[in-house]
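Engineer: Give me a 3D structure for the following:
(one chain, ligands or ions: 1)
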Amino acid sequence: MALTIGIVGLPNAGKSTLFNALTKNDVLAANYPFATIEPNVGVVGVPDDRLPRLAEVFGSAKQLPATVEFVDIAGIVRGASEGEGLGNKFLSHIRESAAICQVTRVFRDEDVTHVDGEVNPQSDISTIQTELILADLQTVEKAIPRLEKEAKGNKDLAPVVAAAKEALAHLEAGTPVIDTDLDTALLRELSLLTAKPFIYVFNCDADELADEDLKQQMRDLVAPAEAIFLDAKFESELVELGDEDEAREMLAEMGVTEPGLDVLARVGFDTLGLQTYLTAGPKETRAWTIKKNATAPEAAGVIHTDFQKGFIKAEIVSFDDLMEHGTMQKAKEAGKVRMEGKDYVMADGDVVEFRFNV
Ligand SMILES: Nc1ncnc2c1ncn2[C@@H]1O[C@H](COP(=O)(O)OP(=O)(O)OP(=O)(O)O)[C@@H](O)[C@H]1O
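Structural biologist: All right, here's what the predicted structure looks like:
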């Protein structure tokens, strides 16, 4: 299963606007030249300023960033857990996502109606949380009798039953599973919605983006989850503009140093528990995606399964060491290029060449 981030939010929160901005980029064509991507999946490049620097050292013709996938999930409404709106279809889509990005409306615009008649981020967040909790309650209540039955024939399941009962108690008290100290690995089979990591996107207007007090209030509302502030409408207009330098200039005028979409891609990637390693040569400089703590053969397998099967060694230099010495040759002379074996745990920013047998 691809590690995707599901975008949820109340109607008119700005999900489609954000999703459109996310999908209108050229990463898709570069990274997935032959693949068909579902229309509700947006593939976004993870900004990485190491790539142009590495490409310069190796004279690479192309640069390919790591990517993160967002799935546009139809709007959630109060009662979704009871089948309101798109109800169950919505819930099954969200179940398949590894993390959830909730778009919350902060912008005020008389012309854009709010389902509850007023803009109130706190109440919107709690509406969605309640629906997810209710959906999980149904899942857990249904699962417990089955798990109890299975546990009679299999002692190993006892901790799972205990965890499910504990989850039930937390959910009944209105607490999302991720906010408890429950070992969610035990409950993986249930794909609980509130066990997934959350990212909050606060969709603001220009004045709100400059209002530090307001932003701090929103951060406090969702901590320890990540809060990202952006103006989805403005970001989508910037993407339409198609001129990155001009877009950055316009953002800078608003006091924004990095496009919100870039921040979202970075935070999303990190929330999914992913990291990158780098390969470089005349053809391309590329960031590859691996799970944090992946070993060298697992990393090789991301390029090709044959690389993993026939893995011998990995020649590795850290990005910082390479930059300090300027070229591979000089880094080698300084003893900074290492040969690592199959137990090596990859570090973020390792620049790698794999040796393998096929
Ligand atoms: N930051 C913003 N400032 C002002 N208007 C915005 C902003 N973001 C989105 N909008 C406007 O709000 C309206 C609703 O946005 P959008 O259609 O993206 O919402 P949605 O969450 O996808 O809604 P639905 O779930 O009903 O499809 C649109 O007219 C959009 O242009």
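
Engineer: Please list the residues of this protein that sit near the ligand.
Structural biologist: Counting by CB under 6 Å from any ligand atom, the residues of the chain close to the ligand are 9, 11-17, 75, 107, 109, 112, 203, 205, 231-233. All C-beta spots, glycine's among them, are computed from the backbone N, C-alpha and C.

Engineer: Now intersect the residues you listed with the strands, please.
Structural biologist: Those of the residues of the chain next to the ligand mapping onto strands are residue 203, per DSSP state E.

Engineer: are any of the residues of the chain next to the ligand buried, and which?
Structural biologist: With burial judged by 16 or more other CB atoms under 10 Å, the buried subset of these is 9, 12-17, 75, 107, 203, 231-233.

Engineer: would JSON lines of the residues you listed with distance to residue 127 and pLDDT be doable?
Structural biologist: Listed next are these as JSON lines, based on distance: CB to CB, whole Å; pLDDT from 0 to 100:
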{"residue": "9", "distance to residue 127": "10", "pLDDT": "88"}
{"residue": "12", "distance to residue 127": "13", "pLDDT": "86"}
{"residue": "13", "distance to residue 127": "11", "pLDDT": "90"}
{"residue": "14", "distance to residue 127": "16", "pLDDT": "91"}
{"residue": "15", "distance to residue 127": "15", "pLDDT": "89"}
{"residue": "16", "distance to residue 127": "19", "pLDDT": "87"}
{"residue": "17", "distance to residue 127": "20", "pLDDT": "89"}
{"residue": "75", "distance to residue 127": "12", "pLDDT": "59"}
{"residue": "107", "distance to residue 127": "18", "pLDDT": "93"}
{"residue": "203", "distance to residue 127": "16", "pLDDT": "96"}
{"residue": "231", "distance to residue 127": "22", "pLDDT": "93"}
{"residue": "232", "distance to residue 127": "19", "pLDDT": "93"}
{"residue": "233", "distance to residue 127": "22", "pLDDT": "92"}
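
Engineer: Out of those residues, which two sit at the greatest distance?
Structural biologist: Within those, two members stand farthest from each other by CB to CB: 75 and 231, at 19.6 Å.

Engineer: Strands along the stretch 251-358 of the chain, start to end?
Structural biologist: Using DSSP state E, counting those that start in this stretch, the strands found in the stretch 251-358 of the chain span residues 274-280, 284-291, 311-318, 338-340, 350-356.

Engineer: Point out the one among those that comes closest to residue 252.
Structural biologist: Using CB to CB, the strands of the stretch 251-358 of the chain put strand 284-291 closest to residue 252, at 25.8 Å.

Engineer: quick one: buried residues of the helix or strand hosting residue 151?
Structural biologist: Assigning secondary structure by DSSP states H and E places residue 151 in helix 121-153. Going by neighbour count (16+ other CB under 10 Å), the buried part of helix 121-153 is 121, 124-125, 127-129, 131-137, 139-140, 143, 147, 151.

Engineer: Show me what it packs onto, helices and strands only.
Structural biologist: Applying 3 or more CB pairs under 8 Å, 6 or more residues apart in numbering; DSSP states H and E, one finds that helix 121-153 contacts strand 99-105, helix 158-172, helix 212-222.

Engineer: mean confidence score for the last one?
Structural biologist: Taken as a whole, helix 212-222 carries a mean pLDDT of 95.

Engineer: Now find how far off-centre it is within its chain.
Structural biologist: Centroid separation for helix 212-222 versus its chain: 21 Å, with CA atoms, centre = their mean, to the nearest Å.

Engineer: and the strands of the stretch 251-358 of the chain, which is most packed in?
Structural biologist: Mean neighbour counts were compared across the strands of the stretch 251-358 of the chain using mean count of other CB atoms under 10 Å; the top stretch is strand 274-280, at a mean of 22.

Engineer: And that one, what does it pack against?
Structural biologist: Strand 274-280 packs on helix 50-58, strand 284-291, strand 350-356, going by 3+ CB pairs under 8 Å, 6+ apart.

Engineer: can you list these in CSV and add mean pLDDT?
Structural biologist: Formatted as CSV, the helices and strands packed on strand 274-280 follow (pLDDT from 0 to 100):
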stretch, mean pLDDT
helix 50-58, 95
strand 284-291, 95
strand 350-356, 94
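
Engineer: nearest to residue 99, of these?
Structural biologist: strand 284-291 (13.7 Å).

Engineer: Please list the outside residues in contact with the closest one.
Structural biologist: With contacts defined as CB atoms under 8 Å, 6 or more residues apart in numbering, strand 284-291 is touched by 46, 48, 50-51, 54-55, 58, 60-67, 269, 273-280, 298-299, 302-303, 346.
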